[in-house]
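K.L.:
structure of the sequence below:
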Amino acid sequence: MNKSVTSFLLTLLSLSALAQTDLQVDTFTTVDGDTLYIQYHEVQFKTKLQNIGSQDILIGDTITIAYMQEEDFLFNANYVLDATLFAGDTLSILSPNFTLIDTGYQTYCSYIVYADDTTLSNDTGCIQIYAEPNLSTYNPSQSNGVRIYQSNERLIVDFETPLIAKITFVVYDLTGRVVMNRTIPEGVTYTSFPLNKFSTSVFITRLIQSNQILDTRKIGLKK
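P.N.:
All right, here's what the predicted structure looks like:
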């Protein structure tokens, strides 16, 4: 994960009068209960809190929840009680919507922020989710000097000019699974690949050079 891109500084606000023994995190989940998503999907988290203190937490009191991804702070959210949280009772708090930027397995946690502005609860709730790469962010009208099409039982890659450096041609199915990964050498203007390993009819193709994605598109094949 690129921390300089995805991490946010947490600004802790002195709005809560909670003591460290007042609340604990009971459970932490996604609102829809899922743990498998597509990259760039918006996720909302639900933190279930329990008042374990001897005093009621009153209407108008503010509870501050800090959200983290692994060891990185993401944001904090403040919840003003619209009903008294009696001793022993529980309360569910929903987070702001959060867009999944990273792919793969990720662990998210929520912490209670206490009144001194610097203390997070020792107990926390965490959830591990998995984000698949989003391969649908393509521009179907962008040619980039290359044609990709089917001819009989082969997939054709046709460049307008000879390649000045080798390039990687990758084909994914719509779940993000790589079904083909080939290197096309420098100087090539035309190459083709057999379709016998392609089990479905719609794919995403990418041309990659020096870890830079040059072209992404969706193609349909007839078998």
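
K.L.:
for residue 59, what are its contacts?
P.N.:
81, 82, 83, 84 (C-beta atoms under 8 Å, 6 or more residues apart in numbering). (C-beta placed from N, C-alpha, C; glycine too.)

K.L.:
taking the residues you listed one by one, which sit in strands?
P.N.:
Residues of the contacts of residue 59 located in strands (DSSP state E): none.

K.L.:
of all those residues, which comes closest to residue 73?
P.N.:
Distance to residue 73 across the contacts of residue 59 (C-beta to C-beta) is lowest for residue 81, with 23.9 Å.

K.L.:
just to revisit the earlier point, just the buried ones from the contacts of residue 59?
P.N.:
For these, a burial check counting by 16 or more other C-beta atoms under 10 Å picks out nothing.

K.L.:
dump those residues to CSV, plus distance to residue 124 and pLDDT.
P.N.:
CSV is the format used below for the contacts of residue 59 (distance: C-beta to C-beta, whole Å; pLDDT from 0 to 100):
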residue, distance to residue 124, pLDDT
81, 21, 91
82, 25, 92
83, 24, 91
84, 25, 90
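
K.L.:
farthest-separated two in those?
P.N.:
Maximum distance among the contacts of residue 59 (C-beta to C-beta): 9.5 Å, for 82 and 84.

K.L.:
can you put the contacts of residue 59 in JSON lines and add distance to residue 31?
P.N.:
Below are the contacts of residue 59 laid out as JSON lines (distance: C-beta to C-beta, whole Å):
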{"residue": "81", "distance to residue 31": "20"}
{"residue": "82", "distance to residue 31": "19"}
{"residue": "83", "distance to residue 31": "20"}
{"residue": "84", "distance to residue 31": "24"}
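
K.L.:
report how many residues lie close to residue 185.
P.N.:
Residues within reach of residue 185, counting by other C-beta atoms under 10 Å, total 10.
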